[in-house]
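> below are the sequence and a predicted model for it; my questions follow.
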Amino acid sequence: MKERRKISREPKYCLENNVVGDSWRMFRIMGEFVNGFDSMSSLNLPAVTIYGSARTSQDHSWYKTAETIASALVREGYGIITGGGPGIMEAANKGANDADGISVGLNIDLPHEQAPNPFANLSVEFKYFFVRKVMFMKYSMAFICMPGGFGSLDELFESLTLIQTQRIKPFPIILVGNSFWGGLIDWMKDQLLANGTVSEEDLDLINIIDEPDAVVDFIKKTVVS
């Protein structure tokens with residue numbers, strides 16, 4: 001009888017303390033970096049990342065706004081990068097695809113919510129969030145942050161931290177929707193700035209814009225290819 005060998009699988013919690021598997025996990029991480037760099041280096045045009053909630057429905061105004069912005073940016077010669085999943089990510093990939101542009105989806109393997117949307121014409125799969133975020137940072141000329149949850153906030157604050165600490169060159173960071181983001185900015189001013197944990201120059205990195213046309217115009221004026 002042919003022997004069946006048990007296949008060793010990575011645990012659900014991919015960064016849990018598992019000394020035996022750590023060496024092999026290192027090679028998986030290296031492989032994700034290599035695959036990401038090889039895939040993304042094929043882009044030969046400036047690209048803009050659009051973040052936002054995976055839970056936004058197709059009939060929501062945020063979905064329509066993300067789709068409109070992505071299509072307009074493609075017509076101005078930009079590619080679009082998203083997290084590759086549903087909701088706002090799908091909307092941006094759809095807008096780029098409908099405008100016959102480059103539509104990149106950097107999809108993350110999650111047990112719920114996240115599944116690749118069908119509108120990315122370049123799709124790259126990741127298991128590790130930190131590898132995926134390197135691809136966003138390295139290959140984007142600007143970030144557009146639509147309303148989102150913890151993941152969107154994580155990506156927003158990581159980009160602000162890397163610019164603040166001079167680990168990456170400054171680039172435009174646009175928050176779309178004052179009604180959604182205004183309270184957060186007010187809190188930053190009332191608490192972070194007032195208590196000296198950030199400076200006014202740090203808050204100047206953030207731009208709140210409501211209208212899709214104004215978002216595109218701002219990027220055209222500020223992005224250096």
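Done, it's in.

> next, the buried residues of the top helix by length along the chain.
Among the elements of the chain assigned as helix by DSSP state H, the one spanning the most residues is helix 19-40. For helix 19-40, burial by neighbour count (16 or more other CB atoms under 10 Å) applies to Gly21, Arg25, Glu32, Gly36, Ser39, Met40. Yep, even glycine has a C-beta here, placed from its N, CA and C like the rest.

> one more: stretch 107-126?
Residues of stretch 107-126 classed as buried by neighbour count (16+ other CB under 10 Å): Asn107, Ile108, Gln114, Pro116, Asn117, Phe119, Ala120, Leu122, Ser123, Val124, Glu125, Phe126.

> in JSON lines: those residues, plus pLDDT.
Supplementary listing: these in JSON lines, determined by pLDDT from 0 to 100:
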{"residue": "Asn107", "pLDDT": "93"}
{"residue": "Ile108", "pLDDT": "88"}
{"residue": "Gln114", "pLDDT": "65"}
{"residue": "Pro116", "pLDDT": "85"}
{"residue": "Asn117", "pLDDT": "93"}
{"residue": "Phe119", "pLDDT": "97"}
{"residue": "Ala120", "pLDDT": "95"}
{"residue": "Leu122", "pLDDT": "94"}
{"residue": "Ser123", "pLDDT": "93"}
{"residue": "Val124", "pLDDT": "94"}
{"residue": "Glu125", "pLDDT": "91"}
{"residue": "Phe126", "pLDDT": "92"}
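
> quick revisit: which of the buried residues of helix 19-40 sit farthest apart?
Of all pairs drawn from those, the one with the longest distance (CB to CB) is Gly21 and Met40, at 27.5 Å.

> identify the bridge partners of the spatially most central residue of the chain.
With the centre of the chain defined as its mean C-alpha position, the nearest residue by CA atoms, centre = their mean is Tyr51, 4.7 Å away. The partner list for Tyr51 in beta bridges (DSSP bridges) reads Cys145.

> next: Gly79.
Beta-bridge partners recorded for Gly79 (DSSP bridges): Ala47.

> quick one: pLDDT of it?
Looking at Gly79, its pLDDT reads 97.

> so it touches Ile102, yeah?
Yes: applying CB atoms under 8 Å, one finds Gly79 in contact with Ile102, separated by 3.4 Å.

> what do the two both touch?
Between them, Gly79 and Ile102 share the neighbouring residues Leu43, Leu45, Ala47, Ala96, with contact defined by CB atoms under 8 Å, 6 or more residues apart in numbering.

> return the list of helices and strands in contact with the lowest-mean-pLDDT helix or strand in the chain.
Across the helices and strands of the chain, mean confidence by mean pLDDT, DSSP states H and E is lowest for helix 19-40: a mean of 86. Packed against helix 19-40, as judged by 3 or more CB pairs under 8 Å, 6 or more residues apart in numbering; DSSP states H and E, are the following elements: strand 122-126, helix 129-139.
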